[in-house]
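**Q** sequence plus the predicted model coming up.
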Amino acid sequence: MRTPLPPKENPGTRPAARRWQAVAAWVAGGLVLFAFLLRISFGERVDSDGANSALQAWDLVHGHLMLHGWILGDATFYAFELPLNGIVQLLFGVGNLAAHIGSALTYLIVAACAVALAVTGSRGPARAVRCAVVIAVLAVPLLAVKPLLALLEEPDHIGTSVFLLLSFLLIDRAPDRRFTAPLVCVILCAGQLSDLTVRYVAVPAVVLVCGYRVLAARKLRSGDTALVVAAVMSVPLELVLQAAMAHFGAFVMALPQTRFSSPTLWPRHAWLTWLNVRVFFGSVASPDTKLGGAGAAVGLICLLAVLFGLARVIWTWRRASRAEQLLFAAIVFNVGTYLVTVMPSPGRYREVAAVVSCGTVLAARALVPARITGMSRAFAAVAATGLIALLSLAAAATRPPMSPASAPLAAWLEAHGLRYGIAGYWDASIVTLQSASRVQIRAVDLDRNIDGHPGLKIYVPGWESNDLWYNASRYDATFAVADSHGNYPAASFEHFLGKPAATFRVASWLVLVYRANLLQRILPRPGPH
């Protein structure tokens, strides 16, 4: 009797299983990275900048789509960070936890976009090595406090990288598809609504690279031509959208500092730009840098890897991919725009965040070939790069959780039934966030130079505030908080508001309690926003 043959294995089973294993590995890696980022985020405090963004996000997801009454900063973060943080708040409520989760998610999404762009064209172990390089370069700056605050605390320009990386990824992978140009136009338009950095960095990068490819191919009717048109059209489209929103009562945005500086200052600006880029990569040692000089040395290695990636694109420009050319152009435009304006100053490095996100991808693509042959070489490369990334994340995560600085003030005010008051900027919205809006403090500005009398008048601020908060018919502000640093001293409040009914010392603050509604005495902000 003949033994029956075993059924043939479905040829599609094993590839499908491998795909699911790959998906599971990427998801697990993303969850591990998110856990690290969240833990690292708890090592620093949320301040009033982050608190104001959290309050904006709360308004946005509760039906105030236009953010009526808000005066935002020179970057609104309207199309990415605010909706993301708002969704997190729907799950966890307003507070420090939601703020930290939103920050970690933002950086995770930036890392995911960078990885997707870095692994394009690679296979097998090379994909894992490129991924590890990206994570390592993004993790090393978190060893120092200054770049940590800019990268992983509150909405900042690093989140804008999502618009850059997504548009570049789309152009690189589907340059000739019909949907690409319209979708790129929408992404760039949304990016400009969030942060005008997109207009000065991503838009010219797309125009330059795709325009160059049109000229090189000598073919006008092409996907690159459509992409040039899409990038150019995103600018007036965003202006029209912003005007329409303003017509229907949307937020007001402070003007960004994009004025050109004197050419005589450009040499000094070049030095400041290089210094700030080094700080951003964590290559400048400071007392708070984890791993000390070794951490700064690894940061310098990461920066050199980015410079190597830039040099490689210059050397192989004609053979370089669209993604590499776009990333190179974005870095050049970001640094160039920053250098010739009035922005460069010591410590002002947030505006060159695109150098970190775009440079990370170039470093991974330059250091790691598309294919790694040989099991031993592949294992060694994956182990080495993965170890650097893991050690950097683990070291950054050793900072002890930092309790909110204003927590004692928020708790005391809530315990004593003081629900609505005024204070200086850095003591205002952060208390509102920490108390989950059970105590609401609104920021005010002091005019310190009227007839030589400091604090003679108190104004509604023109930055990161909401005009509706100062409506005396809706709210009753019964106390003022004076800080211990002298920026908003008790004497200045008393000079304009009069003698309080009672004064209490809470930690390093003085709480001045009044029997009148202080909002009736606050003046509208002078001049244009």
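**A** Looks like it came in fine.

**Q** need phi/psi at residue 70.
**A** Dihedral angles phi and psi of residue 70 (degrees, to the nearest 10) take the values phi -80, psi 140.

**Q** burial of it, as a residue count?
**A** 23 (other CB atoms under 10 Å). To be clear about C-beta, it is placed using only N, CA and C from the backbone, and glycine gets the same treatment.

**Q** and the pLDDT at the closest residue to residue 517 other than its chain neighbours?
**A** Residue nearest to residue 517 in three dimensions, not counting chain neighbours: residue 476, with 4.8 Å by CB to CB, 6 or more residues apart in numbering. We note a pLDDT of 94 for residue 476 in this prediction.

**Q** cool, residue 449 as well?
**A** 55.

**Q** which intervals of the stretch 351-500 of the chain have sub-threshold pLDDT?
**A** 448-456, 484 (pLDDT under 70).

**Q** tell me where it has strands.
**A** 420-423, 440-443, 445-447, 457-459, 465-466, 479-482 (DSSP state E, counting those that start in this stretch).

**Q** ranges for the helices of the stretch 1-150 of the chain?
**A** Under the criterion DSSP state H, counting those that start in this stretch, the stretch 1-150 of the chain contains helices at 13-41, 48-61, 81-92, 96-118, 125-139, 145-152.

**Q** against which helices or strands is the first one packed?
**A** Think helix 13-41. helix 96-118, helix 125-139, helix 145-152, helix 375-396 (3 or more CB pairs under 8 Å, 6 or more residues apart in numbering; DSSP states H and E).

**Q** just the ones you listed: most buried one?
**A** helix 125-139 (a mean of 26; mean count of other CB atoms under 10 Å).

**Q** any idea how far residue 488 lies from residue 342?
**A** 27 Å (CB to CB, to the nearest Å).

**Q** same drill for the two, tell me which one is more crowded.
**A** residue 488 (27 against 13).

**Q** circling back: the residue nearest to residue 517 and residue 440, how far apart?
**A** For residue 476, the distance to residue 440 - CB to CB - is 11 Å.

**Q** ok so, going back, nearest to residue 447, of the helices and strands packed on helix 13-41?
**A** Closest approach to residue 447 among the helices and strands packed on helix 13-41 (CB to CB): helix 145-152, 29.7 Å.

**Q** ok, and what's touching stretch 56-69?
**A** 70, 72, 78, 81-87, 89-90, 94, 102, 245, 248-251, 466-469 (CB atoms under 8 Å, 6 or more residues apart in numbering).

**Q** can I get the strands of the stretch 351-500 of the chain in TSV with mean neighbour count and distance to residue 153?
**A** Below are these laid out as TSV (neighbours: other CB atoms under 10 Å; distance: least, CB to CB, whole Å):
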stretch	mean neighbour count	distance to residue 153
strand 420-423	24	21
strand 440-443	23	19
strand 445-447	18	24
strand 457-459	18	28
strand 465-466	24	20
strand 479-482	25	23
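
**Q** these into a markdown table, with extra columns for distance to residue 112?
**A** As requested, these are exported to a markdown table (distance: least, CB to CB, whole Å):
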| stretch | distance to residue 112 |
| --- | --- |
| strand 420-423 | 38 |
| strand 440-443 | 35 |
| strand 445-447 | 40 |
| strand 457-459 | 43 |
| strand 465-466 | 33 |
| strand 479-482 | 41 |
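
**Q** of those strands, which is nearest residue 362?
**A** strand 465-466 (39.5 Å).

**Q** what's that closest one packed up against?
**A** Using 3+ CB pairs under 8 Å, 6+ apart, strand 465-466 sits against strand 70-72.

**Q** let me see the mean pLDDT of the strand it packs on.
**A** pLDDT averaged over strand 70-72 gives 91.

**Q** what is that strand packed up against?
**A** helix 48-61, strand 252-253, strand 465-466.

**Q** sheet-wise, list the partners of it with their directions.
**A** Strand 70-72 pairs in its sheet with strand 252-253 (parallel), strand 465-466 (antiparallel), by DSSP bridges.
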